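Participant: Provide a 3D model corresponding to the input given below.
(chains A and B)
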Amino acid sequence: MGAGHAHPLHLATASPVHRLAPEVKIAAVLLFTIIVVVTPREKFWAFGGYALLLAVVAVVARVPALWLAKRATIELPFVLLAIALPFAGRGERIDWFGLSLSVDGLHGAWNIFAKGTLGVLASLLLAASTTMRDLILGLDRLRCPTVFTQIATFMLRYLDVLADDARRMRIARLSRGYDPRFLWQVKAFAVSVGALFLRAYERGERVYLAMVSRGYAGRLPQPESGRAPAGQWLAASALPVATAGIALAALWG
Amino acid sequence: MSDGLRVEGLHFAYPDGTPVLHGINLTLAAGERVALLGPNGAGKTTLVLHLNGILHGGPGTIEVAGARVNPSDRAALAEIRRRVGIVFQDPDDQLFMPTVAEDVAFGPQNLGVRGDELTTRVDEALAAVGMSEHRDQVPHHLSFGQRRRVAVATVLAMRPEILVLDEPSSNLDPASRRELAEILEPLPVTVLMVTHDLPYALQLCPRSVIMDAGRIVADGPTPDLLGDEPLLRAHRLELPFGFHPAAR
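Facilitator: A predicted model of the protein is given here:
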């Protein structure tokens, strides 16, 4: 199911990770992230262990390191904030190549950088091995409130339609000589955004009419639920279990 | 022959008071294929939305295969919406689920169909429009003609007694238009086809009804109506250049 629901973060290959049911992967990534976040920042080697675990998952999922690295750049704006911390931090300071850095700030920066990167990489691995449709299906099976999964389902279907609308409107603007170079020339763009909103709103009404015509009475039918076999839960639990092992070892080590 | 659809004395005005329908009387025999012609703003879509109880409130009655459309009776309305399948003009409005098969399953699921029966219905409907191999595809990745065919399948899966098509040939290239005709022609259902495509009406519907300003102004065999040039002109209908219904 969901063939063709490729998104830019999805890597269409066949791997043991790709074959896992979406709900077990979501649960594994969520647990992994929680453990990473609660690990004290001073336990440096634990983070190395976590990274190693993700590397193993990436190898099993046949996701190339470069592919991951390129997409992980989404994290950069957040890391930029972290860079300021060692300079702005208070308390004990150390000198490093003539720069006076706050120890506490360094720890803070490391905390954001390490946990952020691990979280982003884990999410990317989940996205790379799961289509958008399956992600929604997985959330649904994990009893995520249907209102969220339904909104996501509609978004999945109509995002492309809206993007096409927007693209056609842009081409139509450009074809009539619109070429904004400065901020005060964006009026036509702003008006198009408004027009796009109205189109989406009107489409919403038409979609609703068409749904009612097919007997819609306020509840979307539940997807036929196939449950993930216990073996898959077991396989996917390897990641959080190993992560928890590292965390415990770091705490008591 | 039993009546597939009977509309009697139907009036309707929009909430702002604009009258749209002025006493529509229309009867379709079961299995009949009828084209509903008329200029923009004649009230064709308003009439169509009455057939399954989406619009209501004015005087007049509608019966679908013997069952009265009564908007206050929800259970009966569900049955009416099964009997009257409307294929809307823009397939992107109709197809809202992530995959073709899920969308085709939506209508029957609302009727409580589950399991193997649901799979059978989806398979049948997709086979009827020749889209079986696209069942797991995303609607967005299909061509416009394919999406229109899937939209027809979403309604066929409900096994309707009347198929109402709103502008089925609009925006289709000639080959898709012909393919859709080949799909529609053998369907064993009553068909009401709203269209501006007069040759398409002639090809598919032995009978036509012309609507203008909320009234039915003509009703008869399609070749006769399309051959009556003063009638067509009076109601802003025009045959394509070079097309002569009599010559066919």
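
Participant: give the contact list for the residue nearest to residue A:103 when sequence neighbours are not counted.
Facilitator: Leaving aside its sequence neighbours, residue A:103 sits nearest to residue A:92 (Cβ to Cβ, 6 or more residues apart in numbering or on different chains; 4.7 Å). Glycine gets a C-beta too; all of them are placed from N, C-alpha and C. Residue A:92 makes contacts with A:102-104, as judged by Cβ atoms under 8 Å, 6 or more residues apart in numbering or on different chains.

Participant: Let me see the backbone angles for residue A:92.
Facilitator: When read as degrees, to the nearest 10, the backbone of residue A:92 gives phi -60, psi 140.

Participant: got a pLDDT number for it?
Facilitator: Reported pLDDT at residue A:92 in the predicted model: 78.

Participant: re earlier: so which of the contacts of residue A:92 sit within strands?
Facilitator: The strands, defined by DSSP state E, take in residue A:102 from these.

Participant: Which of the contacts of residue A:92 ranks first by neighbour count?
Facilitator: residue A:102 (19 neighbours; other Cβ atoms under 10 Å in any protein chain shown).

Participant: So it sits against residue A:96, correct?
Facilitator: No. Under the criterion of Cβ atoms under 8 Å, residue A:102 makes no contact with residue A:96, lying 11.0 Å away.

Participant: Any idea what residue B:209 is bridged to?
Facilitator: residue B:36, residue B:219 (DSSP bridges).

Participant: for it, what are its contacts?
Facilitator: B:26, B:34-37, B:216, B:218-219.

Participant: Among those, which one sits closest to residue B:134?
Facilitator: Nearest to residue B:134 among the contacts of residue B:209 is residue B:35, at 28.8 Å by Cβ to Cβ.

Participant: Give me the domain ranges for chain A.
Facilitator: A:16-139+A:228-252, A:145-213 (automatic domain parsing).

Participant: Just say which of these is most tucked in.
Facilitator: Most buried of the domains of chain A, by mean neighbour count (mean count of other Cβ atoms under 10 Å in any protein chain shown): domain A:16-139+A:228-252, with a mean of 17.

Participant: Show me the residue sitting in the middle of chain B in space.
Facilitator: By Cα atoms, centre = their mean, the mean C-alpha position of chain B lies nearest to residue B:164, the distance being 1.6 Å.

Participant: What's opposite it in the beta bridge?
Facilitator: Under the criterion used (DSSP bridges), residue B:164 bridges to residue B:86, residue B:192.

Participant: Can you verify my assumption that residue B:131 contacts residue B:100?
Facilitator: Yes. At 6.7 Å, residue B:131 counts as touching residue B:100 under the criterion of Cβ under 8 Å.

Participant: of these two, who's got more company?
Facilitator: When residue B:131 and residue B:100 are compared for neighbours, residue B:100 comes out ahead with 28 against 22, by other Cβ under 10 Å.

Participant: Just the pLDDT at the residue lying farthest from the centre of chain A, thanks.
Facilitator: Farthest-out residue of chain A from its mean C-alpha position, per Cα atoms, centre = their mean: residue A:98, at 38.9 Å. pLDDT recorded at residue A:98 is 76.

Participant: So residue A:50 versus residue A:147, what's the distance?
Facilitator: Distance, residue A:50 to residue A:147, using Cβ to Cβ, to the nearest Å: 34 Å.

Participant: Residue A:72 against residue A:124, yeah?
Facilitator: Yes. Between residue A:72 and residue A:124 there is a contact under Cβ under 8 Å: 6.3 Å.

Participant: In terms of helices and strands, where is residue 119?
Facilitator: Unless you meant another one, I'm taking chain A. Secondary structure assignment for residue A:119, by DSSP states H and E: helix A:103-129.

Participant: ah, I was thinking of chain B
Facilitator: Counting by DSSP H and E, residue B:119 is found in helix B:115-128.
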